[in-house]
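K.L.:
model the following, please.
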Amino acid sequence: MILSIESSCDDSAISITEIATNKLVFHKKISQELEHSVYGGVVPELAARLHAEALPKILQQCEPYFQDLKAVAVTSSPGLAVTLIEGVTLAKAVSVALDIPLISVNHLIGHIYSLFIEKETTFPLTVLLVSGGHTQVMEVQSLTDIKTIAKSMDDSFGESFDKVAKMMGLGYPGGPAIQELAKEGDRKRYDFTVPLLRTPKLAFSYSGLKNAVRLAVEKSQEKDYKDIAASFEHIATKHLVHKLKKYFQTHPPKNFAIVGGASANLYLRKQIEELLAPYNAKLLLSDLQYCSDNAAMIGRVAVDMYKQGMFSSLEALDITPKSII
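P.N.:
Numbers count the residues shown, from 1 in each chain. Below you'll find the predicted structure:
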């Protein structure tokens, strides 16, 4: 079995995955949403302190499996430096104590592998990753062959939801709050401009839309918030669909997936389903419980890395907060 640790942002998580079967034997996650909600977003230093408390407590519950462990995996990039170091430090301690090798996992590849928890992989695959830190389209041929096609020039899809929610005083995380409020709203009331609509460039941008929403909020009353939320969600999603449609003109999809925390957005899922219908493409989605950051997805990557002998030495393993694929 492989023990895996995730601490890239504000979720402390540890999993144990069986190598031969991909079976998830143990998984526990402690969320910090309540502690950060009063600040309207993640406070890195607070997150690090909470990881330092939570991770050892979860690890204690894993002791019955220690004798069966063949490796310890950990998210080392990308993420918040002060939180990544908590997970990496713990992983190194486990490696030394149990005399087992280390596996360094890229968090973004983890999100791709959230599709395959307790399953076999399905490649090749076109992937839309939407989270609080990233928005990008990737062509995935295998674990070691991943090409980024398009990414955000500024704010990410998920980050824009968090910031719009903060403007309305809805708390953190913003994605679920905006989605719930938007259900009762008029998506056409506010005619926000679709970002990068007239440029052929395959890229994403949410800073302009975010600013337009801010101006609308400042001029409105609280009773208007449901319409602002609905209009924002509509245009934010339309931007993704527009760029994907442009890409599909030359690269029609066969297997397409949405991953990352914001992939739990039901309006986004519905719009992507409609986009894929003419291509008869298969849509892959993670279980809702595995869309946000978790150790189960890190463990699933680690199984494939273990089989390919992709280990890291104690001295070489370090964090790379701004790493991308």
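K.L.:
buried residues in whatever helix or strand residue 239 lives in?
P.N.:
Using DSSP states H and E, the element containing residue 239 is helix 225-248. Buried residues in helix 225-248, defined by neighbour count with 16 or more other C-beta atoms under 10 Å: 225-240, 243-244, 247-248. C-beta: built from backbone N, CA, C; applies to glycine.
K.L.:
again with stretch 122-133
P.N.:
Across stretch 122-133, burial judged by 16+ other C-beta under 10 Å covers 125-133.
K.L.:
chain center to stretch 93-100: distance?
P.N.:
Chain-centre distance of stretch 93-100: 28 Å, with C-alpha atoms, centre = their mean, to the nearest Å.
K.L.:
quick one, helices of the stretch 51-200 of the chain?
P.N.:
81-98, 107-113, 157-167, 174-182 (DSSP state H, counting those that start in this stretch).
K.L.:
contacts for the shortest one next, please.
P.N.:
Think helix 107-113. Contact partners of helix 107-113, identified using C-beta atoms under 8 Å, 6 or more residues apart in numbering, comprise 6, 8, 75, 77-79, 121, 125, 127, 129, 131, 134, 138, 140, 143, 146, 257, 259-260, 293, 297-298, 300-301, 304, 324-325.
K.L.:
please repeat the previous calculation with a cut-off of 7 Å.
P.N.:
8, 75, 77-79, 127, 129, 131, 134, 140, 259-260, 297-298, 300-301, 324-325 (C-beta atoms under 7 Å, 6 or more residues apart in numbering).
K.L.:
how far off centre is it?
P.N.:
Distance of helix 107-113 from its chain centroid, counting by C-alpha atoms, centre = their mean, is 8 Å.
K.L.:
start the count at 14, not 1, going forward
P.N.:
Taking 14 as the first residue, the last one we looked at is helix 120-126.
K.L.:
give the buried residues for that helix.
P.N.:
Buried, per 16+ other C-beta under 10 Å, within helix 120-126: 120-126.
K.L.:
likewise stretch 221-236?
P.N.:
Quick answer for stretch 221-236 (16+ other C-beta under 10 Å): 222-223, 225-226, 229-230.
K.L.:
same check on stretch 278-286?
P.N.:
Neighbour count says stretch 278-286 has 278, 280-281, 284-285 buried, by 16+ other C-beta under 10 Å.
K.L.:
in strands, which of those fall?
P.N.:
Members of these lying in strands (criterion: DSSP state E): none.
K.L.:
which one of the residues you listed sits closest to residue 195?
P.N.:
Using C-beta to C-beta, residue 280 comes nearest to residue 195 of the buried residues of stretch 278-286, at 7.0 Å.
K.L.:
contacting residues for the closest one?
P.N.:
By C-beta under 7 Å, 6+ apart, the contact set of residue 280 is 192, 246, 250.
K.L.:
wait, doesn't the last one sit right on residue 284?
P.N.:
What it means is residue 250. Yes: the criterion here is C-beta atoms under 7 Å, and residue 250 meets it with residue 284 at 5.1 Å.
K.L.:
returning to that earlier point: any chance of the buried residues of helix 120-126 in a markdown table, plus pLDDT and distance to residue 72?
P.N.:
A markdown table is the format used below for the buried residues of helix 120-126 (pLDDT from 0 to 100; distance: C-beta to C-beta, whole Å):
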| residue | pLDDT | distance to residue 72 |
| --- | --- | --- |
| 120 | 97 | 20 |
| 121 | 97 | 25 |
| 122 | 98 | 23 |
| 123 | 98 | 19 |
| 124 | 98 | 23 |
| 125 | 98 | 26 |
| 126 | 98 | 22 |
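K.L.:
residue 185 and residue 18, how far apart?
P.N.:
24 Å (C-beta to C-beta, to the nearest Å).
K.L.:
so between these two, which is more surrounded?
P.N.:
residue 18 (28 against 22; other C-beta atoms under 10 Å).
K.L.:
need the phi and psi values for that one.
P.N.:
phi -120, psi 130 (degrees, to the nearest 10).
K.L.:
and if you look at residue 32?
P.N.:
Note on residue 32: backbone dihedrals following degrees, to the nearest 10 are phi -70, psi -40.
K.L.:
quick check: residue 288 touching residue 257?
P.N.:
Yes: with contact defined as C-beta under 7 Å, residue 288 counts as touching residue 257 (6.2 Å).
K.L.:
so residue 43 sits in a strand?
P.N.:
Yes: according to DSSP: H, G, I helix; E, B strand; the rest coil, residue 43 belongs to a strand.
K.L.:
which residues does it contact?
P.N.:
Listed by C-beta under 7 Å, 6+ apart, the contact partners of residue 43 are 25, 67, 71.
K.L.:
and stretch 322-334, how far from the chain's centre?
P.N.:
On C-alpha atoms, centre = their mean, the centre of stretch 322-334 falls 22 Å from the chain's centre.
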